[in-house]
Every structure is written in C-alpha cells, then in structure tokens.
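In: Got a predicted structure plus its sequence, pasted below:
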Amino acid sequence: MRELRLEKTLSAVRARAALIGAVVLAADQITKLWARTALADRDIEVIPGFLRFHLGENSGSAFSLFQGLGTLLALVAAAASVVILVLVGKSRTRLELAGFSLILGGAAGNLMDRIVKGPWLTGTVTDFIDFSFWPNFNVADSAITLGVVGLLWAAKRSG
C-alpha cells in the first residue's frame, strides 16, 4: 500500500514538472513565433541604448559557443531532459521542483527549434532579446538560467 502511494506521489510530482515545463515551452514558442514575424524587417527599441528586440538565429549554444554543432546540442538537450525527469522525482523542495521544471521547459523550447528548423536536428535557435551588453537570448534561455539559479539557491539553503 505504501509503495502505491509513493508511486502516485512521484507521478503527481512529475506531472507538475511536466506542466510547468509545458508552460515554459509554450511561452517560448509563442514569443519566438512573434519575433520571427514582428522582427523580420525591423528592431523594436524598448529602452534605447539598453534593450531592444532584435531577431537573431543561433546555430550554437549560449553565447554563440559551439556554432554548427546543432545535432550534438540537440542530443544533449534531449538527454538532459530525460535526466531531469528522473531528478524531479528526487526533488526535496518546491524550489528544486521549480528549478528542474524551468530547465526542462527551456531545454524543450530550444530543442523544438532545432527539430523544426533543420534536418537532423541542425536547426537554429531563434533569439530576440538583446541587451546592449549581453548576447541575444530567448525565453527558453531565461528559463534555463532561472532554473539553475533556483537549484543553486535551494542547494545553498539546504547545505
């Protein structure tokens, strides 16, 4: 009986993580679709000289590292997603669950770009948020970063 309750609890935790990840994935894909249409022929200055929306495509990873290695990066993102689904079951706090879920959704968002926009997972990732002092990024990248920060914070609080 106890084993059955643990399985139901684990399923509920994974379902919650999947839901959060799906929300991140949807937000990421919707904003990228907007960016590819609204920014196709112009930039939008949000805060002049500081923040603009500027359409960019990235065949690499964060900070434009590993250009041209889209297939490898896609496989790493897929493997990381599987590992995260396993780790979600070991989450001890809501902050850890949120961190894993944000990373999962962000990885899925960028993986979706690589699947849809190129053969053999070689597609580029759409970036459009451009701070003047930082490389372009997107909602998926933001979710991954926030997820990592959340996990680090949770580790510091528990340690």
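Out: That came through fine. Residues are numbered from 1 along each chain as shown.

In: Show me the helices in this structure, by range?
Out: 2-38, 70-88, 94-116, 139-158 (DSSP state H).

In: and the residue nearest to the spatial centre of the chain, how far is that from T145?
Out: By CA atoms, centre = their mean, the chain has its centre lying nearest to G106, at 1.1 Å. Distance, G106 to T145, using CB to CB, to the nearest Å: 8 Å. For every residue, glycine as well, the C-beta is placed using N, CA and C.

In: one step back: from the helices of the chain, which stretch is densest packed?
Out: Mean neighbour count, computed with mean count of other CB atoms under 10 Å, is highest for helix 94-116 among those, reaching a mean of 23.

In: how many degrees apart are that one and helix 139-158 in direction?
Out: With axes from the mean of the first three to the mean of the last three CA atoms, to 10 degrees defining the directions, helix 94-116 sits at 160 degrees from helix 139-158.

In: other SSEs contacting helix 94-116?
Out: Here helix 94-116 touches helix 2-38, helix 70-88, strand 125-131, helix 139-158, going by 3 or more CB pairs under 8 Å, 6 or more residues apart in numbering; DSSP states H and E.

In: Okay, now the unreliable bits of the protein?
Out: The chain contains residues with pLDDT under 70 at 1-8, 10.

In: hmm, 90 instead?
Out: Along the chain, the parts satisfying pLDDT under 90 run over 1-16, 59-74, 77, 81, 85-92, 117-123, 157-159.

In: Which among the helices and strands packed on helix 94-116 is found nearest to M112?
Out: Closest of the helices and strands packed on helix 94-116 to M112 is helix 2-38, at 6.2 Å (criterion: CB to CB).

In: Report the backbone C-alpha coordinates of stretch 47-56 in CSV.
Out: Extracted C-alpha coordinates of stretch 47-56, given in CSV (Å, rounded to 0.1, in the frame of the first residue of the first chain):
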residue,chain,number,x,y,z
ILE,A,47,14.8,51.1,-23.8
PRO,A,48,17.0,53.0,-26.3
GLY,A,49,20.7,52.1,-26.0
PHE,A,50,19.9,49.3,-23.4
LEU,A,51,17.2,46.9,-24.5
ARG,A,52,15.8,46.1,-27.9
PHE,A,53,14.1,43.2,-29.6
HIS,A,54,16.3,42.1,-32.5
LEU,A,55,15.8,38.9,-34.4
GLY,A,56,18.8,36.5,-34.5
